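> this is a predicted model, with the sequence first.
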Amino acid sequence: MVAPASRAVGNGGGIVIRAAVPEDAASIAAIYAPHVLVGTVSFETEAPDAGEMRARMAVSDGLYPWLVATIGSEGGVLAYAYASAFHKREAYRFACETTIYVADAAQRQGAGRLLYEALIDTLRAQGFTQAIGAIALPNDGSIKLHEAVGFRRAGVYREVGYKNGQWIDVGHWQCALTEPSVPPVEPKRFADVGVVRG
C-alpha cells in the first residue's frame, strides 16, 4: 500500500504511520533527549531542541523519509524513524543509513516494529539497494528489532565511542532492499513515493 507523503497508513490497531511534519519536531526531540542525556545509544552529548530537529528533517530535502508512529491520526508521537545518507561520497548514494527511536512509554507495544517495517518498505519502493543500521552495543532490543525486519549483522567497530565513562562498541546491521542493477537506477524521492506499507 502506498500513501502520499502527507497521508497516513494505519494497522487497524490504533497505531498510525505517517510522514513526519515540522510540527512533530518537539515530540521527536523529546523522544530523543533521554537517549542523549542518560544513555549510550546516541553518541551526541547535548540534546537537540525542536528547531534543530526541524533543521535535520529539512536536510533530507524530500529524498530521505522521516516517519512517525502515532496513536490514531490525531494522537501523540510514539516513535520516529528516518533514513539518511550512508556516506557523503557520490558512489554511496544507493545505500542509506536508518535510525529509529521509540518513546520510553511506548516500548514493546509494537509501534517500533510497525514503523521500522514501513521505513524499510518505503526505502524499497524508492529503489535504495541497502539499508545500514548502526547500533551502540550492547542493545538487545535494537538488535531484535533490526533482525525482525530483515537486517543481518555486518560487523562491529570496537571501542569507537566514549560516553558516560565507558568505551562503546558499534555494530552495523545491513538489510538488502533491492537487487543492485548495472547501471544502477537512481533512488526516487520520498516526496514522490510517500509512505509505503507491505
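Arrived safely.

> could you report the neighbour count for residue 94?
Residues near residue 94, counting by other C-beta atoms under 10 Å, number 18. (Each C-beta comes from the backbone N, C-alpha and C, glycine too.)

> you'd agree it is up against residue 180?
Yes: here residue 94 reaches residue 180: they are 7.0 Å apart, a contact under C-beta atoms under 8 Å.

> anything in contact with each of those two?
Contact criterion C-beta atoms under 8 Å, 6 or more residues apart in numbering; residues shared by residue 94 and residue 180: residue 129.

> report the next helix or strand after the longest helix seen in the chain in sequence order.
When the chain is parsed with DSSP state H, its longest helix is helix 111-126. Using DSSP states H and E, the helix or strand that follows helix 111-126 in sequence is strand 130-137.

> circling back to that earlier point, tell me what the longest helix of the chain is packed against?
For helix 111-126, the packing partners by 3 or more C-beta pairs under 8 Å, 6 or more residues apart in numbering; DSSP states H and E come out as strand 15-19, strand 66-71, strand 77-85, strand 95-102, helix 140-148, helix 190-193, strand 195-196.

> who touches that helix?
With C-beta under 8 Å, 6+ apart as the criterion, helix 111-126 contacts 2, 9, 11, 15, 17, 65, 67-69, 78-83, 96, 98, 100, 102, 106, 131, 145-146, 148-150, 175, 177-178, 187-190, 193-198.

> next one: that helix to chain centre, how far?
8 Å (C-alpha atoms, centre = their mean, to the nearest Å).

> tilt between that helix and helix 140-148?
Angle of helix 111-126 versus helix 140-148, following axes from the mean of the first three to the mean of the last three C-alpha atoms, to 10 degrees, is 40 degrees.

> send me helix 111-126 as PDB with only the CA atoms.
The C-alpha trace of helix 111-126 is given here as PDB (Å, rounded to 0.1, in the frame of the first residue of the first chain):
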ATOM      1  CA  ALA A 111       4.800   0.700  17.300                       C
ATOM      2  CA  GLY A 112       8.600   0.400  16.700                       C
ATOM      3  CA  ARG A 113       8.300  -2.600  14.500                       C
ATOM      4  CA  LEU A 114       5.400  -1.200  12.500                       C
ATOM      5  CA  LEU A 115       7.300   2.000  12.000                       C
ATOM      6  CA  TYR A 116      10.500   0.300  11.000                       C
ATOM      7  CA  GLU A 117       8.700  -2.100   8.600                       C
ATOM      8  CA  ALA A 118       7.100   1.000   7.000                       C
ATOM      9  CA  LEU A 119      10.500   2.700   6.700                       C
ATOM     10  CA  ILE A 120      12.100  -0.400   5.000                       C
ATOM     11  CA  ASP A 121       9.100  -0.800   2.700                       C
ATOM     12  CA  THR A 122       9.300   2.800   1.700                       C
ATOM     13  CA  LEU A 123      13.100   2.700   1.100                       C
ATOM     14  CA  ARG A 124      12.500  -0.400  -1.100                       C
ATOM     15  CA  ALA A 125       9.800   1.400  -3.100                       C
ATOM     16  CA  GLN A 126      12.300   4.300  -3.600                       C
END
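
> that's all I had, so thanks and see you.
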